[in-house]
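Student: with the sequence up front, the predicted model follows.
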Amino acid sequence: MTFLDLFIAVAAVSAIVAGHRLGFLARAISWAGLALGLALAALALPRILEAFSDAGVDTKVSPDIQSSLWQKLLFIAPVSGLGALTRVPVGELRSSPETYSMLHDAMEEIVALAAACGVSLADDAIDKTLRFVDGLPVDMTSSMQRDIMDGRPSELEALNGAVVRLGRQTGVPTPVNGFIYAALTPMEARPRRSAADTD
């Protein structure tokens with residue numbers, strides 16, 4: 001078995017695309033860290049950060065990259081999944097008490113799952129994430145939501161699907177994420193079947 005020195009990065013990127021042209025790329029902080037705490041990789045990390053900085057990407061070293069990954073999942077899986085399911089932008093998603101409650105419950109499942117996987121998120125992680133959601137533009141939609149609505153393959157398996165699978169492995173109940181995943185799977189499968197039929 002071969003072990004590699006790996007880096008993990010968490011990024012937040014926003015773009016406005018017209019046809020095949022990129023009109024705007026939002027500046028956002030990216031977090032980089034070590035998947036394996038190996039000396040060789042640690043020596044290379046500053047050079048990687050310098051390369052990102054030279055490219056205009058604001059990047060910081062995460063003291064705990066696993067927590068950073070789970071924090072990203074805590075936001076992106078519930079918002080993307082519920083957005084794709086309801087087909088409404090985030091402003092409508094958060095203005096409905098019912099869907100806002102589902103957002104909260106889906107996040108609770110992910111916090112419990114992270115703990116079962118040995119990652120402790122901050123006690124106020126859900127509150128902070130919901131405040132972040134509250135501050136998003138009312139017409140914002142996630143890339144997964146747009147992909148599913150437009151009939152393209154999406155990140156469903158890597159987001160809500162991953163939550164469901166890890167829940168089964170660890171014994172953590174994930175009913176809200178499970179509902180999102182089950183309800184979206186048939187729609188998400190359409191473009192994959194179409195692609196397979198044309199091969």
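Tutor: Right, received. Where do you want to start?

Student: separation between the nearest residue in space to residue 141 that is not next to it in sequence and residue 136?
Tutor: In this structure, residue 141 finds its nearest non-sequential neighbour in residue 89, 5.2 Å apart by CB to CB, 6 or more residues apart in numbering. Every residue, glycine included, has its C-beta placed from N, CA and C. According to CB to CB, to the nearest Å, residue 89 stands 9 Å off from residue 136.

Student: ditto for residue 104
Tutor: Separation of residue 104 from residue 136 (CB to CB): 16 Å.

Student: domain boundaries for the protein, per the record?
Tutor: Taking automatic domain parsing as the reference, the chain has its domains at 7-61, 65-198.

Student: so for the top helix by length along the chain, mean pLDDT?
Tutor: If you go by DSSP state H, the chain has its longest helix at helix 175-198. Helix 175-198 carries an average pLDDT of 85.

Student: ok, now which ones touch residue 85?
Tutor: Residue 85 sits next to 180, 183, 184 when contact means CB atoms under 8 Å, 6 or more residues apart in numbering.

Student: helix, strand or coil for it?
Tutor: Assigned with DSSP: H, G, I helix; E, B strand; the rest coil, residue 85 falls in the helix class.

Student: and the gap between the residue positioned nearest the centre of the chain and residue 137?
Tutor: Nearest residue to the geometric centre of the chain (CA atoms, centre = their mean): residue 76, 3.6 Å. Distance of residue 76 to residue 137, computed by CB to CB: 16 Å.

Student: same question, residue 58
Tutor: Noted for residue 58: a distance of 20 Å to residue 137, by CB to CB.

Student: buried among the contacts of residue 85? Make that a PyMOL selection.
Tutor: Per 16 or more other CB atoms under 10 Å, the buried members of the contacts of residue 85 correspond to this PyMOL selection:
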select buried, resi 180+184
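
Student: dump the contacts of residue 85 to CSV, plus distance to residue 160.
Tutor: Putting the contacts of residue 85 into CSV (distance: CB to CB, whole Å) gives the following:
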residue, distance to residue 160
180, 5
183, 10
184, 7
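
Student: so what's residue 159 up against?
Tutor: Contacts of residue 159 (CB under 8 Å, 6+ apart): 73, 76, 77, 80, 81, 144.

Student: residue 79 versus that one, what's the distance?
Tutor: In terms of CB to CB, residue 159 sits 10 Å off from residue 79.

Student: hey, least reliable of the domains of the chain by pLDDT?
Tutor: domain 7-61 (a mean of 60).
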